[in-house]
Structures are given as C-alpha cells and as structure tokens.
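K.L.:
From the sequence below, what's the structure:
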Amino acid sequence: MLMKLVIVSGLSGSGKSVAINTLEDNDFYCIDNMPLSMLPIFTEQLTTAPSNLYERVAIGVDARSVSQDTHAFPNIIKQFKQQDFDLELVYLEASEEALVQRYRETGRKHPFTKSGLPLIDAIHTEKQILAEVILLADICIDTTLTNVRQLRSIITDQVCRNKSATLTLLLQSFGFKYSVPNDSNYVFDVRFLPNPYWEQHLRNLTGYHPEVIDYLQSHEEVKQMIRSIGDFIEHWTPHFSRESRNYLCISIGCTGGQHRSVHIAEFLADRFRKSSDKHVLVRHRDLKY
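P.N.:
Coordinates of the predicted model:
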C-alpha cells in the first residue's frame, strides 16, 4: 500500500493551519512550515522507514520557503508524482477582501509585511510567488465564504478519507450574487430556469422543501437541464480518472443559491449515488440552514 502524502500550501490567512490541524486530528503525521530544502530529504527518509510508521503524512509549505526559489517547489512536486507516493497537493486561497478582513480582525501580521510592504501589496507578492504552485494543485479550496467548521468538513471529506481509485465528485450549489467559486472544475449557470423566488409562498423556502421540488419538477426545462448536466458528467469523468485526477468539482449557480441550484445539485447527487462507484459529496455554499 502506497504511503499517503499530502502537501498543503496556499495563501497566508486562507486556512492552512486549520487544514493541517484537521489532518492531524485524522491520524496524519503532520509537519507545518517545513523548509523547502528539507522536503526531498524528509521524503527519502520516509521511504526507508517501516511501512506502518508513516502511513499518512501531511506537510505544510509556506510561501516564504517557496520564495527562495519559485521554480524549486513545482520541480519537487513533479518529482514526487513520479515516485511511489499517493501524493495530493492541496492549495488554499481566498479573495483579497476576505484576507484583508481576517488580518484586520485577528490583528496578526502577514508574513510579507515584515519587509515593509502594506498588507494588500504583501498579498499580491505572495500570489505571485505561488502562481506556479496553484497550477499543480490536485485540490484547490476557496475559503472566501467558508468558516472554520466548514473548512474542517471539506478537508475531512476530500482529503482524509481512505481513497481508492474512485473519483470524488463534489456537487456544489452557489449564488452568483455572492461570486463564482474559484475551486470549480466546471460551472453551470441555471439562472434562466423558472425561479421559485417569484412565487410568494415559495420565496422563503429552499430547494430541499417538497413544495419547491414539485414546482421545479413541473417544468420540463428543469428536468432537461438536470439530465444534460448529468450526461455531461457521466461522459467526461472517465477522462479525469485516466489522467489520475481523483477529484472533480461541479458548481451549479442560480441567483441566490437557495432554490434552483440546490435542487439540481441534490438531484444530480442522487443520480450518481445510485448509478456509479463515484464518491459523491454535496455542498450548498450559500444556503443558510
């Protein structure tokens, strides 16, 4: 059995510490802020250790370490992927507005403000340093609208579970009025479908409620849209699997993320739970439970 190696990187303030702590709570051997130069040495030691000693390992890599040589980290990741590791690179990010607000609320310093940069310039600098890293990420998580509890749940679902070759399919609803999720592989816009919001008795309900389900299912275009997205997923997911991609995020957006997108995500989840061996997850990003 291959050793599971998770490398966590991303923007400061995006939740990397929460991710590392969650992995540690799920029995990963964790090392945070490892110097980049030590990564190859450490992984070489892992390969010679007893097989049951380090079955699941997580390493946090800080942008300050990457900044010493912006090409070194991508090169190391590419080398690791050619070795006998079950490797996943997890990248966390958030909008500039969210990062600024978090630093103001906590009163903590951004790592790159130590060189005299204003906070917003420090964020821009870090993004530039990590520009090549995000392109190699197996899982990219946007935490702009995610609280600590939700992030822990995402890490647990997407990273911590014991995976086989089965592809994990995340069906995510969202509202366009709150922005498009950056962690999507595909985005479907369903705002053209009939909107329960304009029905007074349905306005305060959600896509979970039977009244909303009946209303939406009474329209043929809604059922056709669900079939079309489902057929698209069915057709293209094998291509992801052949490229050793084990995670696919499909985001479905309506205006507010309350009715249509929730309804469609749930119907698609039900289809794939019944008809395939995919590991199916559902997230309603903007639904206020």
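K.L.:
buried residues in stretch 210-218?
P.N.:
Neighbour-count burial for stretch 210-218, counted by 16 or more other CB atoms under 10 Å, picks out V212, I213, Y215, L216. The C-beta positions use only the backbone N, C-alpha and C, and glycine is treated the same way.
K.L.:
With distance to D270 and secondary structure added, can I get those in TSV?
P.N.:
Formatted as TSV, these follow (distance: CB to CB, whole Å; DSSP: H, G, I helix; E, B strand; the rest coil):
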residue	distance to D270	secondary structure
V212	16	helix
I213	11	helix
Y215	18	helix
L216	14	helix
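K.L.:
biggest separation within these, which pair?
P.N.:
I213 and Y215 (7.3 Å; CB to CB).
K.L.:
picking that back up, distance to L167 and pLDDT added to the buried residues of stretch 210-218, as TSV?
P.N.:
Converted to TSV, the buried residues of stretch 210-218 look like this (distance: CB to CB, whole Å; pLDDT from 0 to 100):
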residue	distance to L167	pLDDT
V212	30	97
I213	28	97
Y215	33	98
L216	28	98
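K.L.:
L99 should be in a helix, yeah?
P.N.:
Yes. Looking at L99 with DSSP: H, G, I helix; E, B strand; the rest coil, it is inside a helix.
K.L.:
That one and I123 touch, don't they?
P.N.:
Yes. Between L99 and I123 there is a contact under CB atoms under 8 Å: 5.6 Å.
K.L.:
Now the common contact residues for these two.
P.N.:
L11 (CB atoms under 8 Å, 6 or more residues apart in numbering).
K.L.:
low-scoring pLDDT stretches of the chain, where are they?
P.N.:
By pLDDT under 70, the weakly predicted segments of the chain are 1, 49-53, 162-165, 241-245, 276, 289.
K.L.:
any idea where the helices of it begin and end?
P.N.:
Using DSSP state H, the helices found in the chain span residues 16-25, 39-48, 63-66, 72-80, 96-106, 119-129, 131-135, 148-155, 210-217, 220-242, 260-275.
K.L.:
Tell me the bridge partners for G175.
P.N.:
For G175, the beta-bridge partners under DSSP bridges are C254.
K.L.:
out of the helices of the chain, which comes closest to L170?
P.N.:
helix 148-155 (8.8 Å).
K.L.:
neighbouring contacts of the closest one?
P.N.:
Helix 148-155 is contacted from outside by G15, V18, A19, T22, L23, V90, I141, T143, T146, R283, using CB under 8 Å, 6+ apart.
K.L.:
10 Å instead, please
P.N.:
Identification of contacts with helix 148-155 by CB atoms under 10 Å, 6 or more residues apart in numbering yields 6, 8, 14-15, 17-23, 25-26, 58, 90, 92, 139, 141, 143, 146-147, 160, 170, 183, 281, 283, 285.
K.L.:
picking up where we left off before, give the residues shared as contacts by I213 and Y215.
P.N.:
With CB under 10 Å, 6+ apart, I213 and Y215 have common neighbours P196, L205, H259, H263.
K.L.:
which among the residues you listed gets closest to D86?
P.N.:
H263 (35.8 Å).
K.L.:
pretty sure that closest one contacts L193?
P.N.:
Yes. H263 lies in contact with L193 (CB atoms under 10 Å); the separation is 9.3 Å.
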